[in-house]
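Chemist: Next input, structure requested:
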Amino acid sequence: MMHNRFNKTTLVLLIVAAAMVVYFPLRENGFINCDDPQYVTENSYVGDGLTLEGLKWAFNTNYFFNYHPLTWLAHMSDTQIFGVNPAGHHLTSLILHIVNTLLLLVFLERLTIPPLQALFIAALFTLHPLNVESVAWVSEKKNLLYTTFWFPSLIAYLKYGKTLKKNYYFLCFTFFVLSLLSKPMAVTLPVVLFLLDFWPLRRFSKLSIAEKIPFIIPAFLSSLITYNLHAEGSAIATLSVFPLTSRIGYSMVSYVNYILKMICPVNLILFYPYPEGFITLKFIFSALFLIVITFLAFKLRKTHPYFLFGWAWFLIVLFPVSRVFFAGRDPMSDRHAYLSAIGIFIIAAAGLPDLLKHKSLDKYKESAFLKTNGQNTAAVLPVFISVAILSVFSIISLRQVQRWRDSLTLFSYAVTVSPRSFQSYNNYGAELIAHGRYSEAINLLQKGLEINPSSPSLNYKMGYALTKLGRIDEAYDYYSKTKFSSSQISEAFYYKREGLRYLKDKKYLQAVRYLSLSLEITPGDVEAINNKGIALMGLGRLVEAAEMFTAGLTINPKSPEMLYNKALALKQNGNTAGALECLAAALKLAPESKVIRKAIEDISSQR
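Modeler: The predicted structure is shown next:
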């Protein structure tokens, strides 16, 4: 007994050690430009750490289209301890992932799954490349946190099902509520409780049905709140835009693609595009596949109950994030498989030994290759297969963690392996803009617009990059394609956009008026400051223009564009010495600029 316990403990420690090795590169990973600003880096409540004001905000806000107060508190705790150092935030994510692995092991034991099979499932969960997104993306701490409460709820329910002690029932309900307060995706837990009634508890009665009513009420309310919030945030397409038949079809294709990614986890990206080509055939084959597997699982429910349990787990846990509800967004996401994939892992871990015991394989078991010191092949071969699978997955996961190093690395890989992902072009372009690489950003954003020319975000970023390069006329053509609404762009941007339109038409007075309105809301917007200065120059108000450029340079002193524009204002006002001084400073920042060099030559020749 002690020897078996020692072996089990050793294997658990090996799994934890493997996870630490695979996720070791996280120490060098930063935040990314998708959700992380809203969740951490640009969120003032989170940035202040744990405060009374932040606590009130967390339980009263629907910010960013979700109600998950415990997740906000988790992020506040991270900033309280680590500030905005991403290494600390990644560390707590990894700790949660390892805790979830240990909780999963306890849960699997309660399911009466044999120890080695349970260890294999836990190892798959820990090391599978699909789960890297949940661990490496700081904003997805909510995925880890709701899982941390999910498993204790199920463990408590299994204990209640065997003892009918009310304290376990209330414990189950409490952990369920905590899970819901961490991420609304926990709404499927009451249905999973019915699965536990099927196996291993084998208890169906009026009482077992009535027991779920207290769970269904908060689940329904959470679902309603989440759906309405996402609808308000334009995250859900209407039925007229995305018909129900398409929603169901794409959802079935995504279910199959999730399984394929579990088997062959390559080309993993943050934003998957919708599949194209032979769509009707894909719908049909996906539907047939799901129907056949469901039929087999039901037929084998008595002899192989784990099959129906695992398959139903996979379908149910994934259902809330299927495209049936959230049509219009990317068709699938790695993070959504974090819990749902466990159902498939259970089928694989329990099914492989059953398969190797099949009589049709008897003749192969006697081969020299499979003879191992007289040991039972059916016991030895699964170990070899498991180690091989886990080794391959660990290597892929390690590489995937490194791809999450920063936004440039993440999205440059994404557009390489999935050139139809316009959202990847959007985020890649945004990061290039943040690094001042405007020409590169324009090329990238143009590729994204070829895929989705009506994207407000892509059009806005294209306009912004063109504006930074001084190509204002071109920029407005893209700005005009961004629809003004409170959920998409701010009031300040609306005023700035109108200011650019008037500037393009050389209606300088109107341009100054709208740009001034924009700056009243966002006084530090250097783009608006620069363009207001240009409009003032157009009105001949050169002193005001120079003062405007000077104000902009106090915010961004390393802007060659602003220095160049200030030089033009000073030159037109007769201050050639000041103009040359500004141009010299601009040339140091942009030594390859032919425009700046020519301006210096023109002024020098006139002196």
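
Chemist: Going by secondary structure, residue 464 is in what exactly?
Modeler: Of the helices and strands defined by DSSP states H and E, residue 464 is found in helix 456-468.

Chemist: Show the subsequent helix or strand relative to that helix.
Modeler: Heading C-terminal from helix 456-468 (DSSP H and E), you reach helix 472-479.

Chemist: So, low pLDDT: which residues of the chain?
Modeler: Judged by pLDDT under 70, the chain has its weakly predicted residues at 1-6, 232-238, 240, 326-328, 355-379, 483-490, 607.

Chemist: could you give the angle of the helix holding residue 464 to helix 472-479?
Modeler: With axes from the mean of the first three to the mean of the last three CA atoms, to 10 degrees as the basis, helix 456-468 and helix 472-479 are set at 170 degrees to each other.

Chemist: how about the CA coordinates for helix 456-468, as CSV?
Modeler: Extracted as CSV, the C-alpha positions of helix 456-468 are listed here (Å, rounded to 0.1, in the frame of the first residue of the first chain):
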residue,chain,number,x,y,z
PRO,A,456,-14.7,49.4,-37.7
SER,A,457,-11.6,48.5,-35.7
LEU,A,458,-9.4,47.8,-38.8
ASN,A,459,-10.6,51.0,-40.5
TYR,A,460,-9.9,53.1,-37.5
LYS,A,461,-6.4,51.8,-37.0
MET,A,462,-5.7,52.2,-40.7
GLY,A,463,-6.9,55.8,-40.5
TYR,A,464,-4.8,56.4,-37.4
ALA,A,465,-1.6,55.0,-39.0
LEU,A,466,-2.1,57.1,-42.1
THR,A,467,-2.7,60.2,-39.9
LYS,A,468,0.6,59.6,-38.1
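
Chemist: how far is it from where the chain is centred?
Modeler: Taking CA atoms, centre = their mean, to the nearest Å, one finds helix 456-468 lying 23 Å from the centre of the chain it belongs to.

Chemist: Output the contacting helices and strands for it.
Modeler: Judged by 3 or more CB pairs under 8 Å, 6 or more residues apart in numbering; DSSP states H and E, the packing partners of helix 456-468 are helix 422-434, helix 438-451, helix 472-479, helix 526-538. C-betas here are computed from N, CA, C, even on glycine.

Chemist: same for the shortest one, what does it pack against?
Modeler: Contact here means 3+ CB pairs under 8 Å, 6+ apart; on that basis helix 472-479 packs against helix 456-468, helix 491-504.

Chemist: circling back: so which bits of the helix holding residue 464 are buried?
Modeler: Neighbour counts over helix 456-468 (16 or more other CB atoms under 10 Å) mark 456-468 as buried.

Chemist: before we move on, the earlier item: closest one to residue 222 among the helices and strands packed on helix 456-468?
Modeler: Of all the helices and strands packed on helix 456-468, helix 422-434 sits nearest to residue 222, with 26.5 Å by CB to CB.

Chemist: Counting neighbours, which bits of the closest one end up buried?
Modeler: In helix 422-434, counting by 16+ other CB under 10 Å, buried: 422, 423, 424, 425, 426, 427, 428, 429, 430, 431, 432, 433.

Chemist: isn't the last one right next to residue 461, touching?
Modeler: Spelled out, it's residue 433. Yes. If you go by CB atoms under 8 Å, residue 433 and residue 461 touch, sitting 6.4 Å apart.

Chemist: list residues touching both of the two?
Modeler: Common contacts of residue 433 and residue 461 (CB atoms under 8 Å, 6 or more residues apart in numbering): residue 441.

Chemist: Hmm, residue 192 is touching residue 154, no?
Modeler: Yes. The pair residue 192 / residue 154 is scored as a contact, 6.8 Å apart, by CB under 8 Å.

Chemist: neighbour count winner among these two?
Modeler: residue 154 (24 against 21; other CB atoms under 10 Å).

Chemist: does that one sit in a helix, a strand or a coil?
Modeler: What DSSP: H, G, I helix; E, B strand; the rest coil gives for residue 154 is helix.

Chemist: wait, what's in contact with it?
Modeler: 107, 172, 189, 192, 193, 196.

Chemist: Turn the residues you listed into CSV, columns for distance to residue 400 and secondary structure.
Modeler: Compiled in CSV, the contacts of residue 154 are given as follows (distance: CB to CB, whole Å; DSSP: H, G, I helix; E, B strand; the rest coil):
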residue, distance to residue 400, secondary structure
107, 26, helix
172, 34, helix
189, 28, helix
192, 28, helix
193, 33, helix
196, 32, helix
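
Chemist: for those residues, which one is nearest residue 128?
Modeler: Within those, proximity to residue 128 (CB to CB) peaks at residue 107, which comes in at 17.0 Å.

Chemist: Tell me how far the closest one lies from residue 164.
Modeler: Using CB to CB, to the nearest Å, residue 107 is found at 20 Å from residue 164.

Chemist: And for residue 468?
Modeler: 67 Å.

Chemist: Same check on residue 281?
Modeler: 51 Å.

Chemist: try residue 52
Modeler: 41 Å.

Chemist: gap between stretch 438-449 and the chain center?
Modeler: That offset, for stretch 438-449, works out to 22 Å (CA atoms, centre = their mean).

Chemist: Alpha carbons of that stretch, as PDB, please.
Modeler: Provided in PDB are the C-alpha atoms of stretch 438-449 (Å, rounded to 0.1, in the frame of the first residue of the first chain):
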ATOM      1  CA  TYR A 438       3.300  52.900 -39.100                       C
ATOM      2  CA  SER A 439       4.200  51.800 -42.600                       C
ATOM      3  CA  GLU A 440       4.400  48.200 -41.600                       C
ATOM      4  CA  ALA A 441       1.100  48.500 -39.800                       C
ATOM      5  CA  ILE A 442      -0.600  49.900 -42.900                       C
ATOM      6  CA  ASN A 443       0.500  46.900 -45.000                       C
ATOM      7  CA  LEU A 444      -0.800  44.500 -42.300                       C
ATOM      8  CA  LEU A 445      -4.000  46.300 -41.800                       C
ATOM      9  CA  GLN A 446      -4.600  46.400 -45.500                       C
ATOM     10  CA  LYS A 447      -4.500  42.600 -45.600                       C
ATOM     11  CA  GLY A 448      -7.000  42.500 -42.800                       C
ATOM     12  CA  LEU A 449      -9.300  44.800 -44.700                       C
END
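
Chemist: Next, the buried residues of it.
Modeler: Applying 16+ other CB under 10 Å to stretch 438-449 flags 438, 441, 442, 444, 445, 447, 448, 449 as buried.

Chemist: And for stretch 574-582?
Modeler: Across stretch 574-582, burial judged by 16+ other CB under 10 Å covers 575, 578, 579, 580, 582.

Chemist: Show me what it is in contact with.
Modeler: So stretch 574-582 is contacted by 563, 564, 566, 567, 568, 570, 571, 600, 603, 604, 606, 607 (CB under 8 Å, 6+ apart).
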